[in-house]
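In: Let me see the structure of the following:
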Amino acid sequence: MRPVPQPDPATPSGGRWRTLVLGGARSGKSAYAESLVGAAPTRYIATAIPDPADTDFAARIAAHRARRPAGWTVLDGADPATALRDAHTGPTLVDDIGTWLTARLDAHDAWDAPRGTITPEMDALVSAVGQYPGRLVLVTPEVGLGVIPATRSGRLFRDEIGTLNQRLARACDDVYFVVAGLPMRLK
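Out: Sure, this is the predicted structure:
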């Protein structure tokens, strides 16, 4: 991975530095995001809520855990909008917005509800990102490059994550798109 410019305390954002990392499945987006914070004592907000019966997903979570430095503070299954209300002295990494969105849709039983049902929670997340006072890296899936999903729930997820990603990109200082492990700077 290429080194990335580090935040400059003299930036117009007052020393804050927010980065959004997008990519498809297995693109290397999480590994790239982790490289952005390096070995600093990082607060890692893991948004996944594991299903004990899903061994494949459990293996993915285990691979992420194995990569993390021992000194990181991990908040498993945390809501990032709530967690970001508390500043952290080091970087904060949120992985990933797609699993957070899925959990929110599940919590509201919104898979068959009208689009926008969870807009208030998306608003709270975007606001928390925009107001966060420190170094912040967000990981999110890019799902708009493929075919139109065959199911209503698939289309709902694609539409909601697409809208949320646009809003988060506007709130962030840097945006990277990762393909085949290669980061491309978009903003």
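In: from here on, contacts and neighbour counts on C-alpha atoms
Out: OK.
In: Give the next helix or strand downstream of the stretch of helix or strand residue 61 belongs to.
Out: Using DSSP states H and E, residue 61 falls within helix 55-67. Moving toward the C-terminus from helix 55-67, the next helix or strand (DSSP H and E) is strand 73-76.
In: hang on, the earlier thing: so which residues make contact with the helix holding residue 61?
Out: For helix 55-67, contacts defined as Cα atoms under 8 Å, 6 or more residues apart in numbering pick out 50-52.
In: List the buried residues of the longest helix belonging to the chain.
Out: If you go by DSSP state H, the chain has its longest helix at helix 152-171. Going by neighbour count (16 or more other Cα atoms under 10 Å), the buried part of helix 152-171 is 155-162, 164-165, 167-169, 171.
In: cool, and stretch 37-49?
Out: With burial defined by 16+ other Cα under 10 Å, the residues of stretch 37-49 counted as buried are 37, 41-48.
In: Look up which helix or strand the residue positioned nearest the centre of the chain falls in, please.
Out: The residue lying closest to the centre of the chain (Cα atoms, centre = their mean) is residue 139, at 3.0 Å. Per DSSP H and E, residue 139 falls inside strand 135-141.
In: Contacts for that strand next, please.
Out: Residues outside strand 135-141 that contact it (Cα under 8 Å, 6+ apart): 16-25, 29-30, 33, 36-37, 90-98, 129, 161, 165.
In: Show me how far the helix or strand of the chain with the lowest mean pLDDT is from its chain's centre.
Out: Least confident element among the helices and strands of the chain, by mean pLDDT, DSSP states H and E: helix 55-67 (a mean of 80). Taking the mean of its C-alpha atoms, helix 55-67 sits 17 Å from the chain's own mean (Cα atoms, centre = their mean, to the nearest Å).
In: Pairing partners for residue 175 in the sheet, please.
Out: Applying DSSP bridges to residue 175 gives these bridge partners: residue 20.
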